[in-house]
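1. Predicted structure and sequence below. I'll ask about it afterward.
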Amino acid sequence: MTLKYALIGCGRISPNHIAAALENELEIVALCDVKPENMEDKLKKFNLPTSTAQYTDYKEMLEMEKPELVAICTESGKHAAIALDCIEAGANLIIEKPIALSLEDADEIIQKAQEKNVKVSACHQNRFNKSIRKIREAVEAERFGRLLHGTAHIRWNRGEDYYTQAPWRGTWEQDGGALMNQCIHNIDLLRWMMGGEISEVVGMTDNLKHGFIEAEDLGLALIKFTNGSYGIVEGTTNIFPTNLEETLYIFGDKGTVKAGGKSVNIIEEWHFADNSDNPEEVKAKYQENPPSVYGFGHNPLYGDVIDAIKNDRDPYVTAKDGRDALELVLAIYKSAAEGKGVKLPLEKCSTIDFKGRFDK
């Protein structure tokens, strides 16, 4: 059974989605974008059939094409409204990160998807990295012993040209800053690996050298997990002159692991008290060298979602996972804005709450 697939939003990340859709043998029935030239570009780039429909109105597309799986790759601030319309139309979803920009919208997506019995996956594709799957396997096997602390470092560069390409970037209404846009993947991994449940977050954020955007270009946070372990987040787009690294450390009383590279795609340290595998062999086997920070994860994520639809199970990365990552970023924003620790869970919070935060 080949699923009918449509893509909404044909910008910077869309080639990864189209490639994954083709690799997983989906029937691409339609592309949708407010700019026709974006669709034309992708049709030519991937040599898609001339029968592939093009729409500038996604509601019309949903009505005419009735796709079974839709990927949403628009600006972040539009994710929720489009997702809710797709769910209402009975379409399963892959939503680019972040799943929404408010917790209320994320909760509504989760609730409506359950009511309509459609699958929704947050596109945190780095969970499918070979390195990350190997580390997750060690977490689930409790090889770390007692988890002590973990850290996520995202040391990247984004210049003014990146933001002028798409004026929604860096705005509170449609995006957020470095933590929400560039760093949310690794923030997701840290929360997932360290047990998921958080009791308190202390954060600081600032805009040090991106005066042309509204949101932060530096975010720092301390996290206390309910299992007694701790987390540290360091995220920035200020690194000179180009992207440096994205690293994830997990420290337990019986294990130490570091994943590094441009997008946590390489295991750089692997030490366990049980000595059940050879660290050098693990490091050699579980590494990838992707051409960009987007990695190779979209393809297996698509495969998993297709299997989840066909076998009526939850996808590996759920909408709830997307909400968890969103909640942590918003908690850091809230703590930084209020100058004090924030208790979790959060029920209501949105990027809009921080509008004007760095206005001079």
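-> Perfect, I can see it now.
2. When you work out contacts or count neighbours from here on, use the C-alpha atoms and nothing else.
-> OK.
3. tell me the mean pLDDT over the host helix or strand of Ala331?
-> In the assignment (DSSP states H and E), Ala331 maps to helix 319-338. The pLDDT scores in helix 319-338 average 98.
4. Check what contacts the next helix or strand after that helix and list those residues.
-> Next helix or strand after helix 319-338 toward the C-terminus (DSSP H and E): strand 342-343. Outside strand 342-343, the residues that touch it by CA atoms under 8 Å, 6 or more residues apart in numbering are 199-202, 331-332, 334-335.
5. what does stretch 77-88 give?
-> Stretch 77-88 has contacts (CA under 8 Å, 6+ apart) with 59, 62, 70, 72-73, 92-93, 95-96, 99-101, 105-106, 108-109, 112-113, 116, 118, 173-175.
6. From the residues you listed, which land in strands?
-> Assigned to strands by DSSP state E, the following of these qualify: 70, 72, 92-93, 95-96.
7. Now, of the residues you listed, which are buried?
-> Among the ones in strands among the contacts of stretch 77-88, those buried by neighbour count (16 or more other CA atoms under 10 Å) are 70, 72, 92-93, 95-96.
8. Pick out the most distant pair among those residues.
-> Using CA to CA, the pair of these lying farthest apart is Asn92 and Glu96, separated by 13.4 Å.
9. Now do the strands in the stretch 1-150 of the chain.
-> For the stretch 1-150 of the chain, the strands defined by DSSP state E, counting those that start in this stretch occupy 4-8, 27-32, 53-55, 69-72, 92-96, 120-123, 147-155.
10. ah, wrong one, I meant the stretch 201-350 of the chain
-> Secondary structure of the stretch 201-350 of the chain (DSSP E, counting those that start in this stretch): strands located at 218-225, 230-236, 245-252, 255-260, 266-272, 342-343.
11. Is Leu26 in contact with Leu3, as I believe?
-> Yes: counting by CA atoms under 8 Å, Leu3 is a contact partner of Leu26 at 5.5 Å.
12. Tell me how many other residues surround the closest residue to Arg158 other than its chain neighbours.
-> Of all residues not flanking Arg158 in the chain, Thr237 sits nearest, at 5.3 Å (CA to CA, 6 or more residues apart in numbering). Close neighbours of Thr237, defined as other CA atoms under 10 Å, add up to 27.
13. can you check Phe354 too?
-> Using other CA under 10 Å: Phe354 sits among 19 other residues.
14. now do Asp107
-> 17.
15. what sits against it?
-> By CA under 8 Å, 6+ apart, the contact list for Asp107 reads Arg323.
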